[in-house]
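Asks: Here is the input, now give the coordinates:
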Amino acid sequence: MRRNEVFVVDDDEAVRKSLCWLIESADHPAVAFAGGGEFLAAFSPDGPACVVTDVRMPDMDGLELLKRLADESRLVPVVVITGHGDIQMAVEAMKEGAFDFIEKPFEDKALLEVVERALAESAERFRRRARDGDLWARLERLTPRENQVLERIVAGRTNQAVAEELHISEKTVEAHRAHIMEKMNAASFADLVAQVVKSRMADPDNPQ
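Replies: Numbers count the residues shown, from 1 in each chain. All right, here's what the predicted structure looks like:
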């Protein structure tokens, strides 16, 4: 895989070609796939990259692609393209860990700006992974919502307090805690806290 490569996943051939042309005009290699399954079979990142995908596709939609990438620990920023009636799906995509979403019709400049930010985020992830290995790989598996829960429970808040602050049920918080413990491979809550403290001490962008 080449550096700063962008993967376009869309079932519409005309859209794929148009997006690839736009991305390559900004000097980023672009590779197109007609569906999520085809993309997952070929995707093997060894450097900064990002994915641009439509949220609505047959067989495997953008949400399912996000889930599969997370389940397989393929830590690549995903930009989701949505139609006017897909805002709720876009919200769900963000909960599943999408880097950002952009609504059709969009300006070329707007999409390229999001792609540039996604590639910069990918480069940062590779830097962290090279420095701290498994710890950052585990942290990057967490969804945005799981990160919100993690921050609060590590700060000492109760499940009830976290639920009230995030406007979710206490059972949902408990489920998130279980997923966090599993993804972080934490033997105990104390182990989880120790991992978070280590990540913050190792991160020069976070002085705490």
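
Asks: which SS state does the residue nearest to F106 when sequence neighbours are not counted fall under?
Replies: Distances taken as C-beta to C-beta, 6 or more residues apart in numbering put I81 closest to F106, at 7.6 Å, once the chain neighbours are dropped. C-beta coordinates here come from the backbone N, C-alpha and C atoms, glycine included. Following DSSP: H, G, I helix; E, B strand; the rest coil, we place I81 in the strand state.

Asks: From V6, how far off is I81?
Replies: Per C-beta to C-beta, to the nearest Å, I81 is found 13 Å from V6.

Asks: what residues are shared contacts of those two?
Replies: Residues touching both I81 and V6 (C-beta atoms under 8 Å, 6 or more residues apart in numbering) are V52.

Asks: Would you mind naming the residues that bridge with the residue nearest to F106?
Replies: Here I81 sits in beta bridges with D54, I102, as judged by DSSP bridges.

Asks: Check the burial of it by counting its neighbours.
Replies: The burial count assigned to I81 is 24, neighbours taken as other C-beta atoms under 10 Å.

Asks: List the contacts of it.
Replies: By C-beta under 8 Å, 6+ apart, the neighbours of I81 are D10, V52, T53, D54, V55, G62, F101, I102, E103, K104, F106.

Asks: Looking at those, state which has the most neighbours.
Replies: Highest neighbour count within the contacts of I81, by other C-beta under 10 Å: G62, with 30 neighbours.

Asks: I'd like to check which residues are in contact with that one.
Replies: V9, G36, T53, D54, V55, R56, V78, V80, I81, M89, A93, A98.

Asks: please redo it, this time with the cut-off set to 7 Å
Replies: By C-beta atoms under 7 Å, 6 or more residues apart in numbering, the contact list for G62 reads T53, D54, V55, V80, A93.

Asks: Could you dump these into JSON lines and include distance to I180 and pLDDT?
Replies: Below are those laid out as JSON lines (distance: C-beta to C-beta, whole Å; pLDDT from 0 to 100):
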{"residue": "T53", "distance to I180": "26", "pLDDT": "91"}
{"residue": "D54", "distance to I180": "30", "pLDDT": "87"}
{"residue": "V55", "distance to I180": "26", "pLDDT": "83"}
{"residue": "V80", "distance to I180": "24", "pLDDT": "90"}
{"residue": "A93", "distance to I180": "20", "pLDDT": "79"}
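
Asks: Kindly present these as a markdown table, with separate columns for distance to A14.
Replies: Converted to a markdown table, these look like this (distance: C-beta to C-beta, whole Å):
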| residue | distance to A14 |
| --- | --- |
| T53 | 16 |
| D54 | 12 |
| V55 | 18 |
| V80 | 19 |
| A93 | 23 |
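
Asks: Please identify which pair of those lies farthest apart.
Replies: In terms of C-beta to C-beta, these reach their longest pairwise distance at D54 and A93, which sit 11.0 Å apart.

Asks: ok, which stretches of the chain are helices?
Replies: 13-25, 36-42, 62-71, 87-95, 108-132, 134-139, 144-154, 159-166, 170-183, 189-202 (DSSP state H).

Asks: next one: the fifth one to chain centre, how far?
Replies: Helix 108-132 has its average C-alpha position 11 Å from the chain's average C-alpha position, going by C-alpha atoms, centre = their mean, to the nearest Å.
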